[in-house]
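Participant: show me the folded form of this:
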Amino acid sequence: AGGAVGLVGSAFSVVIDLAGDDRYTSSKPFAQGSALFGCGALIDRAGNDVYRAGHCAQGAAMYGTACFLDRGGDDILDAGFYVQGSAYCGVGLLLDGGGNDSYRAWCYAQGFGGTWGYGLCSDRAGNDNYYAGGRYKHEPLLPFEYRSFAQGFAIGARPDAAGGIGFLCDKSGNDFYNSEVYAQGTSYWYSLGMLWDGAGFDKYSAAQYSQGAGIHLEAILEDGPQKRDVVSGVPTPRDVGQKERCRGKVGSVVGRAADFVAEGVGVERLLVGDRFVGVVGADQHRRDARAAYGEGNPSPFAAEVEPV
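Facilitator: Here you go, the predicted structure:
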């Protein structure tokens with residue numbers, strides 16, 4: 001449904017559904033509004049729909065342009081890797097107009113950008129759940145954690161090529177962002193990863209290299225003017241020499257809520273020059289002896305950043 005493969009099939013494919021509670025199922029790659037050397041689109045205007053796919057689906061592009069558009073309804077999206085607004089040398093879009101939606105993927109998903117790629121996952125309204133991970137462990141570095149590479153994540157091909165842009169944008173609703181390693185406004189190797197949430201009572205959960213982590217360039221997690229949010233991360237000890245390898249790189253976490261709770265986020269295993277900024281409200285910035293806000297050296301003597 002709306003999958004274009006230009007080399008061996010059709011370079012252009014589009015599916016438009018006007019109404020109804022629909023079920024889309026595919027086990028083949030490049031389906032449900034995805035493209036390889038072409039242009040693919042899936043547009044569903046209304047209904048509570050279920051989308052289940054394998055890999056390279058639901059707004060994924062390689063050397064092409066892909067668009068997955070659902071205008072409204074309480075939808076379920078379940079897919080493998082390289083899905084839900086992901087791109088490599090192309091543009092991959094997942095656009096949702098509203099409803100209480102569930103997004104589930106393995107990795108490389110939900111706003112992922114590879115080299116020369118722009119991946120966007122955008123949801124305008126509703127109480128949404130995002131999950132990425134649970135399939136591939138990040139071995140040998142983190143044998144007990146799973147890779148996400150999602151939710152506003154971008155990566156380059158080190159050392160040969162810079163990365164792209166990965167953007168997860170959720171305008172409103174009480175949302176839950178659940179991921180593990182490399183996720184939630186994070187970038188690696190001259191890339192730009194962003195997560196922006198406009199409003200709502202939200203919760204962010206991640207393991208490592210997440211929530212505004214900039215590894216060799218910029219990454220941003222910004223939370224809008226909601227009442228109270230909870231951001232949690234699991235910090236880990238820093239390698240010897242990490243400071244020298246990552247000198248001058250930047251990561252950011254920006255909280256604009258009236259009450260913003262942060263637990264061990266922003267730096268984790270990160271860099272020199274990271275920023276954790278609270279804009280307004282009675283914010284809570286929590287850390288243990290291994291985590292620090294605004295410092296690349298996780299030590300118990302690093303000062304925490306006060307709200308400004």
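Participant: so where's this protein shaky on pLDDT?
Facilitator: Applying pLDDT under 70 to the chain flags residues 217-222, 225-308.
Participant: pick out the residue nearest the middle of it.
Facilitator: The residue lying closest to the centre of the chain (C-alpha atoms, centre = their mean) is Q151, at 1.0 Å.
Participant: now do the contacts for it.
Facilitator: The neighbours of Q151, taking C-beta atoms under 8 Å, 6 or more residues apart in numbering as the test, are 109-111, 121, 130, 132, 168, 177, 179, 183-185, 195. To be clear about C-beta, it is placed using only N, CA and C from the backbone, and glycine gets the same treatment.
Participant: one more time with 6 Å
Facilitator: Contacts for Q151 (C-beta atoms under 6 Å, 6 or more residues apart in numbering) come out as Q110, Y130, A132, L168, Y177, S179, A183, Q184, L195.
Participant: can you get me a residue count around the last one?
Facilitator: By other C-beta atoms under 10 Å, the residues close to L195 number 33.
Participant: for it, give its distance to A1.
Facilitator: Relative to A1, L195 is positioned 28 Å away (C-beta to C-beta, to the nearest Å).
Participant: rewinding a little: ramachandran angles for the residue nearest to the centre of the chain?
Facilitator: phi 60, psi 60 (degrees, to the nearest 10).
Participant: nearest residue to A125 in space, please, no chain neighbours.
Facilitator: Nearest in space to A125, with sequence neighbours left out and distances taken as C-beta to C-beta, 6 or more residues apart in numbering, is G98 at 4.1 Å.
Participant: what separates that neighbour from Q151, distance-wise?
Facilitator: For G98, the distance to Q151 (C-beta to C-beta) stands at 20 Å.
Participant: contacts only, for C121.
Facilitator: If a contact means C-beta under 6 Å, 6+ apart, then C121 has Q84, G85, L94, Q110, G111, L168 as its contacts.
Participant: what helix or strand is the third one on?
Facilitator: In this structure, L94 sits in strand 90-96 according to DSSP states H and E.
Participant: can you list the buried residues in that strand?
Facilitator: Within strand 90-96, the residues that count as buried by 16 or more other C-beta atoms under 10 Å are G90, V91, G92, L93, L94, L95, D96.
Participant: which stretches in this structure count as helices?
Facilitator: Chain-ordered helices for the chain, with DSSP state H as the definition, fall at 242-245.
Participant: which of the residues in the lengthiest strand in it are buried?
Facilitator: The residue-count maximum for a strand in the chain (DSSP state E) belongs to strand 142-150. Within strand 142-150, the residues scored as buried using 16+ other C-beta under 10 Å are L142, E145, Y146, R147, S148, F149, A150.
Participant: export these to JSON lines and tack on distance to G72?
Facilitator: Shown next, in JSON lines, are those (distance: C-beta to C-beta, whole Å):
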{"residue": "L142", "distance to G72": "39"}
{"residue": "E145", "distance to G72": "35"}
{"residue": "Y146", "distance to G72": "32"}
{"residue": "R147", "distance to G72": "32"}
{"residue": "S148", "distance to G72": "27"}
{"residue": "F149", "distance to G72": "29"}
{"residue": "A150", "distance to G72": "24"}
